[in-house]
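Undergrad: just the structure for this:
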Amino acid sequence: MTSTATTALDAQRRTRAFARVIGPYVAVFTTIYAIRLPSLQGLTTELFADPVPVLMLGALMLGAGLVIIGLHRNWRGPLAVTISLFGWFVAIRGFLLIAVPDTLSSAVDATMLSPTGLLVARVFFGCLAVMGLTLTYAGWRR
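TA: Numbering: from 1, shown residues only. Here you go, the predicted structure:
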């Protein structure tokens with residue numbers, strides 16, 4: 001096998017490995033979150049009331065996103081693009097939690113208080129759940 005073919009095969013294996021981990025996590029978490037979203041308003045208010053957990057959550061998300069970005073440099077094919085974009089999404093959310101937590105808190109409050117915003121958020125999390133199921137299938141299929 002040539003070096004280019006080996007590199008491409010390694011990239012595909014890495015993409016599937018990321019899909020095996022990220023897919024089930026996203027599918028489970030976002031499904032539960034979409035269902036429970038209306039009852040979580042108090043939780044988000046409490047989370048943003050104390051800067052320490054927000055800073056820790058932001059740091060963990062930024063770190064996790066950077067791990068995905070750093071270890072998954074493949075942008076060939078829809079599965080690989082989805083994994084890479086997810087890494088950037090998580091890293092940017094982590095950065096924003098660290099840099100502008102008050103802005104995010106206001107946005108969450110506005111979303112939770114608006115029936116339309118709440119519906120849009122539930123649909124968004126539902127779409128993420130479908131993405132997670134797709135990643136799970138693609139990562140675990142033979």
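
Undergrad: show me where the protein has helices.
TA: Remark: helices assigned in the chain by DSSP state H are 3-36, 41-49, 51-71, 78-99, 101-113, 115-140.

Undergrad: highest mean neighbour count out of those helices?
TA: A comparison of the helices of the chain by mean neighbour count, using mean count of other C-beta atoms under 10 Å, puts helix 78-99 on top with a mean of 18. (Each C-beta comes from the backbone N, C-alpha and C, glycine too.)

Undergrad: which one of the helices of the chain has the poorest average confidence?
TA: Ranked by mean pLDDT, the helices of the chain end with helix 41-49 in last place, scoring a mean of 86.

Undergrad: which secondary structure elements does that one sit against?
TA: helix 51-71, helix 101-113 (3 or more C-beta pairs under 8 Å, 6 or more residues apart in numbering; DSSP states H and E).

Undergrad: hmm, who's touching it?
TA: Around helix 41-49, the neighbours that count as contacts under C-beta atoms under 8 Å, 6 or more residues apart in numbering are 53-54, 57, 101-102, 104-105, 108-109, 112.
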